[in-house]
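> next come a sequence and a model predicted from it.
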Amino acid sequence: MARYLVTGGAGFIGSHLCESFLNRGHEVLCMDNYSTGAKQNIGAFLKNPRFRFIDHNVSRYIEVPEPLDYILHFASPASPVDYLELPIPTLKVGALGTHNTLGLAKAKSAVYLLASTSEVYGDPLVRPQSEEYWGNVNPIGPRGVYDEAKRFAEAMTMAYHRFHGLNTRIVRIFNTYGPRMRLHDGRVVPNFIMQALKGEPLTVYGQGEQTRSFQYVDDLVTGLNKLIESEHHLPVNIGNPHEMTVLEFAKKIIELTGSTSAIIYKPLPEDDPQVRQPDISKAKKILGWEPRVQLEEGLLKTIEYFRARLQEHKA
């Protein structure tokens, strides 16, 4: 039995990680301040004696008395809606939060995994994006607070690995969806599902020709478990390389929800990436990992979750 600390553990991905470790018989410390996480995501774990919740902002000094085997740093706003409303906390959790969690990993001799993002590639000029691509990021644009926070976090993690010999991992996560996403998250999957279920028009930005690739959260968790058990210290893309346009995706959501919603078009936001497709060659070779859940299967589970949450709100 190992002991894991998951920062941002009450968030969408963090809560699925906590659940995965608990299901495998491990102890889990979940640290969150509910800035974008939710108690509902971890409610089922609170009575488990191997689970402990710590209400704390990781941008402040972290003190954990117990020994730790693994630290996974997932705390951060991750939706444009959030980091545009919380620009300075986003920068702080990427910089101070990463520094604090790395310091804790060093003190505990713990394996450290940083949750980075496909956003480090910015609005990419190559397709698909491999880990060797340095990106095309506007550091002073509205999305720069998230992109640069994650790029800094990667640099800090590699510095601790090289200078202190810390046992580190870096995952670059591509668009992930599934149950426990917030209803008003602001990203394309929740937006489209909510609009379709309410019979509202689906909002497509630009002409909807920008592309995205979507992976189901279970595939991501499997990849993260394989990464943390590997010995690879450089960044690894975890995502689904199946690419589609946003307009195609909107039509798929309308079909799967049985909605009569129309599609409306609005101007493209500043620095919105035009392409997003992971090169997962490294994950296949090093981790023996590739996504298994088909888009339709994952979307139907996600739609079911959103439909249930909407019913709760109406009740």
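Done, it's in.
> how about the secondary structure of residue 67?
Recorded secondary structure, residue 67: coil (DSSP: H, G, I helix; E, B strand; the rest coil).
> that one reaches residue 2, doesn't it?
No: using CB atoms under 8 Å as the test, residue 67 is too far from residue 2 to be in contact (9.9 Å). The way it works is simple: take the backbone N, C-alpha and C, and place the C-beta from them, glycine included.
> between those two, which one's more packed in?
Per other CB atoms under 10 Å, whichever of residue 67 and residue 2 has more neighbours is residue 2, with 15 against 10.
> what number of residues lie near the residue nearest to the more buried one when sequence neighbours are not counted?
The spatially closest residue to residue 2, leaving aside those adjacent along the chain, is residue 69, at 4.1 Å (CB to CB, 6 or more residues apart in numbering). For residue 69, the neighbour count with other CB under 10 Å is 15.
> repeat for residue 166
20.
> can you check residue 312 too?
Neighbours of residue 312 using other CB under 10 Å come to 8.
> just the buried residues of the helix or strand it falls within, please?
Per DSSP states H and E: residue 312 is located in helix 295-314. By neighbour count on 16 or more other CB atoms under 10 Å, the buried set for helix 295-314 is 295, 298, 299, 301, 302, 303, 305, 306, 309.
> identify the farthest-apart pair in those.
Within the buried residues of helix 295-314, 295 and 309 form the most distant pair, 20.9 Å apart (CB to CB).
> what about the helices in the stretch 51-200 of the chain?
All helices of the stretch 51-200 of the chain, identified by DSSP state H, counting those that start in this stretch, fall at 80-85, 87-108, 144-164, 188-198.
> can you report how many residues lie near the closest residue to residue 125 other than its chain neighbours?
Spatial nearest neighbour of residue 125, chain neighbours left out: residue 136 (5.1 Å); criterion: CB to CB, 6+ apart. Neighbour count for residue 136, taken as other CB under 10 Å: 14.
> rewinding a little: closest one to residue 50 among the helices of the stretch 51-200 of the chain?
Of all the helices of the stretch 51-200 of the chain, it is helix 87-108 that lies closest to residue 50, at 18.0 Å by CB to CB.
> any idea of the mean pLDDT for that closest one?
The pLDDT scores in helix 87-108 average 97.
> how about stretch 57-68?
Stretch 57-68 shows a mean pLDDT of 97.
> what does that stretch rub up against?
3-5, 7, 29, 31, 33, 35, 54, 56, 73, 75, 89, 92-93, 96-97, 100-101, 103-105, 108, 110 (CB atoms under 8 Å, 6 or more residues apart in numbering).
> ok, of these, which come out buried?
3-5, 7, 29, 31, 33, 35, 54, 56, 73, 75, 89, 92-93, 96-97, 100-101, 104-105, 108, 110.
> just send the helices of the stretch 51-200 of the chain back as CSV, with distance to residue 114 too.
CSV is the format used below for the helices of the stretch 51-200 of the chain (distance: least, CB to CB, whole Å):
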stretch, distance to residue 114
helix 80-85, 17
helix 87-108, 7
helix 144-164, 5
helix 188-198, 24
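> mind checking which of those is nearest residue 46?
Proximity to residue 46, assessed across the helices of the stretch 51-200 of the chain by CB to CB, is greatest for helix 87-108 (22.9 Å).
> show me what the closest one is packed up against.
strand 3-7, strand 70-73, strand 111-117, helix 144-164 (3 or more CB pairs under 8 Å, 6 or more residues apart in numbering; DSSP states H and E).
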